[in-house]
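Undergrad: this one's structure only:
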């Protein structure tokens, strides 16, 4: 190989690649929506803090998550979150690892959530 020309080495590499294609790292089923929507229950964390915690545990970038609005830090809140191409099984595993968070009601959809899509809020004030 050391005496071969660059063109000859390129041909050898192409032949090897055609015989042994690189495996796809994470294949996603075509019949499944690209976004896993779930309900996030959280205590005393605002939305961005929660997304940062989830992304850290999942080893993802926070911008893969979408949501319709931010929730208060000093409260117990529930809101819908969506994440791109992460399975419900992987998300539900976080219930064992995280305190003050619970994830559930998973479903797959073809669209993310967008700021401003929220139809309204319902809350109770406890003094």
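TA: Thanks, I have the structure now. Remember, predicted model here, so these are calculated numbers, not experimental data.

Undergrad: Bridged to residue 101, which residues?
TA: Counting by DSSP bridges, residue 101 is bridged to residue 42.

Undergrad: Roughly how far does the nearest residue to residue 92 once chain neighbours are set aside sit from residue 52?
TA: In space, and not counting its chain neighbours, residue 92 is closest to residue 103: 6.2 Å by CB to CB, 6 or more residues apart in numbering. All C-beta atoms are positioned from the backbone trio N, CA, C, and that covers glycine. From residue 103 over to residue 52 the distance is 15 Å, taken as CB to CB, to the nearest Å.

Undergrad: Those two: who's more crowded?
TA: residue 103 (20 against 14; other CB atoms under 10 Å).

Undergrad: and the more buried one, what does it touch?
TA: 38-41, 91-92, 94-95 (CB atoms under 8 Å, 6 or more residues apart in numbering).

Undergrad: Any regions of the chain where pLDDT drops low?
TA: 1-2, 22-26, 120 (pLDDT under 70).

Undergrad: Sticking with residue 81, tell me its helix or strand.
TA: strand 76-84 (DSSP states H and E).

Undergrad: Partner strands of that strand, with direction?
TA: Partners of strand 76-84 in its sheet, by DSSP bridges: strand 35-43 (antiparallel), strand 65-67 (antiparallel).

Undergrad: Ok, which of these comes nearest residue 4?
TA: Closest to residue 4 of the strands paired with strand 76-84, according to CB to CB: strand 35-43, at 48.4 Å.

Undergrad: now what about that closest one, what contacts it?
TA: By CB under 8 Å, 6+ apart, strand 35-43 touches 50, 54, 66, 71, 76-88, 91, 100-113.

Undergrad: for the chain, what's the longest helix?
TA: Identified as the longest helix of the chain according to DSSP state H is helix 6-19.
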